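Student: Pasting the sequence and the predicted coordinates here, then a few questions.
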Amino acid sequence: MADKMAEQTKEVHSVCSCGHGSGITNKPATSAPDVRILCMIESLTREIAALKTDRSRNNYRHLRKNHQRRPRSRSNSVNRTPSVCYFHRKFGNEAYRCRSPCTFEKKTNQTREN
C-alpha cells in the first residue's frame, strides 16, 4: 500500500506541474482522477500557506500601529491640585465621597440680602 502511494506521489510530481500561482497551470497528461485531485490539493496547500503568511504580516503591522499611537493629552483647563481628592475636584461641594488626605474646604452658601 505504501509503495502504491509513493508511486502516485512520484506520478503527481512528474505529471502535474502545478505552479506557485493561484490555481493549476497545466492539466495532467493522464486522466487519472487521483492524480488531478492530488495536484489540486498541492496547489491549494501552497495557496493556504501564502495566505497564512500574508495574514501574519498584516497582524504584525496592525499591532505595531496600535502601540505607536500617541497617548491622549490631558486638558490644561482642569485644575490638578494634588492635595484635593478626585471627588472634590470633580464634584466640588456636591461630593459625598472623599478620600483622605483631602484639604478641600467646603464653601458656605452666602445669600445676598438687598
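Tutor: That came through fine.
Student: For the one helix or strand Thr53 maps to, name the packing helices and strands.
Tutor: Using DSSP states H and E, Thr53 falls within helix 33-67. Helices and strands touching helix 33-67, as assessed by 3 or more C-beta pairs under 8 Å, 6 or more residues apart in numbering; DSSP states H and E, comprise helix 2-15. In this view, the C-beta of every residue, glycine as well, is placed from N, C-alpha and C.
Student: Could you point out which residue ranges in the protein have low pLDDT?
Tutor: 1-31, 60-81, 109-114 (pLDDT under 70).
Student: And the helix holding Thr53, what's buried?
Tutor: Within helix 33-67, the residues that qualify as buried are Val35, Arg36, Leu38, Cys39, Ser43, counting by 16 or more other C-beta atoms under 10 Å.
Student: The last one and Ile37, how far apart?
Tutor: Which is Ser43. To Ile37, Ser43 is 11 Å away according to C-beta to C-beta, to the nearest Å.
Student: Now do Glu105: how many residues are near it, please.
Tutor: Glu105 has 9 neighbouring residues, counting by other C-beta atoms under 10 Å.
Student: Could you do the one 3 residues further on as well?
Tutor: Residues lying near Thr108 (other C-beta under 10 Å) number 6.
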